[in-house]
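# model the following, please.
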Amino acid sequence: MNDMVVGITLRADGRGFVGEVRNARSELVGLRDSGTGAGRAMEDLRLRSSSALASLRSLQTVIAGLGLAVGVREAVQEFAAYERGLVGVAKTADLTADQIREMGAAVTEMARRMPFARTELLGIAQAGGQLGVKGVKDLTLFTETVAKLGTASDLAGEEAATSLTRILNVTGEAIDSIDTLASVIV
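Sure, this is the predicted structure:
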């Protein structure tokens with residue numbers, strides 16, 4: 001709090017002395033009343049700011065809860081997309097339940113090493129299954145090769161999958177040689 005300097009001037013000329021003391025007393029009472037009013041105003045401001053701060057904290061809690069809800073929703077949607085992708089691969093490549101689990105683990109491991117989402121990798125695997133690639137080993141090799149080709153060239157995704165599979169079919173090569181083909185293209 002800032003210091004307040006109050007100056008009082010007294011004149012001692014007899015006649016006006018009593019009047020001046022009364023004026024000084026009156027000024028001091030007014031100053032006291034002003035200080036009391038300012039103190040009340042400061043207390044009111046403190047209470048209002050405390051109330052506003054409590055409201056902001058409540059709002060912050062609500063926003064954090066909404067953020068958590070959005071995160072959970074996105075995680076559920078990502079998992080659902082992953083499951084749909086696995087089902088798509090299973091249908092196109094005629095995979096068994098054990099092979100689906102194995103393919104899911106292979107795609108998850110691939111996604112950790114490469115800059116692709118699991119759903120993108122499953123899309124490539126599904127395209128491979130539609131083009132006749134069968135078995136987890138071949139689908140995994142195919143998916144990884146096409147994904148790598150997409151990072152090293154302009155040929156990516158389903159377009160790359162279709163092109164590579166056609167070239168292998170025309171040349172009579174097995175899917176095992178897809179990584180060599182991709183290296184030649186790059």
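# which stretches in the protein count as helices?
Defined through DSSP state H, the helices belonging to the chain, from first to last, are 17-93, 97-113, 118-130, 136-152, 157-171, 178-185.
# mean confidence for stretch 136-145?
Per-residue confidence for stretch 136-145 averages out to 89 on the pLDDT scale.
# what residues sit buried inside it?
Val136, Asp138, Leu139, Thr140, Leu141, Phe142, Thr143, Glu144, Thr145 (16 or more other Cβ atoms under 10 Å). C-betas here are computed from N, CA, C, even on glycine.
# between the residues you listed, which is closest to Met114?
Comparing those against Met114 with Cβ to Cβ places Glu144 closest, at 7.5 Å.
# next, count neighbours for the closest residue to that closest one other than its chain neighbours.
Closest residue in space to Glu144, ignoring its immediate chain neighbours: Met110 at 5.8 Å, by Cβ to Cβ, 6 or more residues apart in numbering. Around Met110 there are 19 other residues, counting by other Cβ atoms under 10 Å.
# equivalent analysis for the one 10 residues further on, please.
Per other Cβ under 10 Å, the neighbour tally for Glu120 reads 19.
# and what of Gly30?
Neighbour number of Gly30 under other Cβ under 10 Å is 10.
# again with the one 4 residues further on
Taking other Cβ under 10 Å as the criterion, the count of residues near Ser34 is 10.
# please report the distance of it from Leu68.
51 Å (Cβ to Cβ, to the nearest Å).
# again with Gln77
For Gln77, the distance to Leu68 (Cβ to Cβ) stands at 15 Å.
# and if you look at Gly172?
Distance check for Gly172 against Leu68: by Cβ to Cβ, it reads 55 Å.
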